[in-house]
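Engineer: Test case, fold it:
(chains A and B)
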Amino acid sequence: MLSGILFALGVIGLLVRRNLVFILMSIEIMLNAAGLAFVTAGARWAQADGQVMFIFILAMAASEVSVGLALVLHLYRQNQSLDADAASEMKG
Amino acid sequence: MNIVAFYIAAAITIISTLLVITRKNAVHALLYLAVSLIAVAVLFYDMGAPFIAALEVIIYAGAIIVLFIFVVMMLNLGKQATIAEGKLLRPDMWIGPTVLAAILFGEVAYLLTRGKTAIPAAHIISPKTVGLVLYGPYLIGVELSSMLLLGALVGAYHLGWHRRPKPETRDVSRNYATRINAVGDTVRTGSDRPAGAA
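Structural biologist: A predicted model of the protein is given here:
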């Protein structure tokens, strides 16, 4: 239940905020909630698989946040703002 | 598994996460995010996963928060940032995370001192079993995550590579797309001649 609340908070943060750094933080919160659910399930059935899955989620979160923050830096250099709406025009 | 400690840490997690998504300043939100991650680590320790708790503190609260802080510092939002820095030194910004972290610290101290005498109800899964499972049935997952990390490394390096604009064109064309058209792409693979012309 706690992990559900945490995930919901992450989704709310993702929807409400328009700052790209806050959006990335919300994604981190959601990944953390998913990992918490895995570890809780692993502790409930006394298996190590949940913790293994958490390690995979950890690696995924680390790589995701590094690429995401690099993209944020790139976008900030492009249009001098961190607003997600500022990056909405796509001239192809 | 200590039920009281579990619920205190859970409440701290929810409160600090709520504060993360309602802060206006990114640095304050990062402080609360660090508190939230540490609270989740305490939850893991309480649920009998000490290895995962250590990983959570080291990687999430250590590495990822440091990455966020670096980016927030690199973005450096100008005049706004200096005003915010003046606010940051006021004690009322520090009281919230400090109180939450102090509650967590007291809880960890209690668990470490009293936890040994009480019989843990939940099974404590040791790092040895985690390692055995990780490198046994999940070996292909380890290989895949190593490739994922390598890809992330290369991607972040490529994206973070600062393509320095020429000084005279920097102020004329602020937009990156027009700058590319004006100066030309600095990385060009292959030749400009059509294939078969030689």
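Engineer: Pass me the low-pLDDT residue ranges in the chain, would you?
Structural biologist: Let's take chain A. A:1-18, A:80-92 (pLDDT under 70).
Engineer: my question was about chain B
Structural biologist: Using pLDDT under 70, the flagged stretches of chain B are B:1-2, B:76-94, B:114-123, B:162-198.
Engineer: For the lengthiest helix in chain A, buried residues please.
Structural biologist: Among the segments of chain A that qualify as a helix by DSSP state H, the longest is helix A:49-79. Buried residues in helix A:49-79, counted by 16 or more other C-beta atoms under 10 Å in any protein chain shown: A:49-76. Every residue, glycine included, has its C-beta placed from N, CA and C.
Engineer: ok, B:Phe6 - contacts?
Structural biologist: B:43, B:46-47 (C-beta atoms under 8 Å, 6 or more residues apart in numbering or on different chains).
Engineer: Of the residues you listed, which is the nearest to B:Tyr60?
Structural biologist: B:Leu43 (12.6 Å; C-beta to C-beta).
Engineer: Adding distance to chain A, neighbour count and secondary structure, write the contacts of B:Phe6 out as JSON lines.
Structural biologist: Converted to JSON lines, the contacts of B:Phe6 look like this (distance: C-beta to the nearest C-beta, whole Å; neighbours: other C-beta atoms under 10 Å in any protein chain shown; DSSP: H, G, I helix; E, B strand; the rest coil):
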{"residue": "B:Leu43", "distance to chain A": "7", "neighbour count": "26", "secondary structure": "helix"}
{"residue": "B:Asp46", "distance to chain A": "10", "neighbour count": "27", "secondary structure": "helix"}
{"residue": "B:Met47", "distance to chain A": "4", "neighbour count": "24", "secondary structure": "coil"}
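Engineer: about what we covered before: report the entries of the buried residues of helix A:49-79 that also contact chain B.
Structural biologist: A:49, A:51-52, A:54-56, A:58-67, A:69-74, A:76 (C-beta under 8 Å from any C-beta of the partner chain).
Engineer: doesn't A:Ala37 fall inside a helix?
Structural biologist: Yes. Per DSSP: H, G, I helix; E, B strand; the rest coil, A:Ala37 lies within a helix segment.
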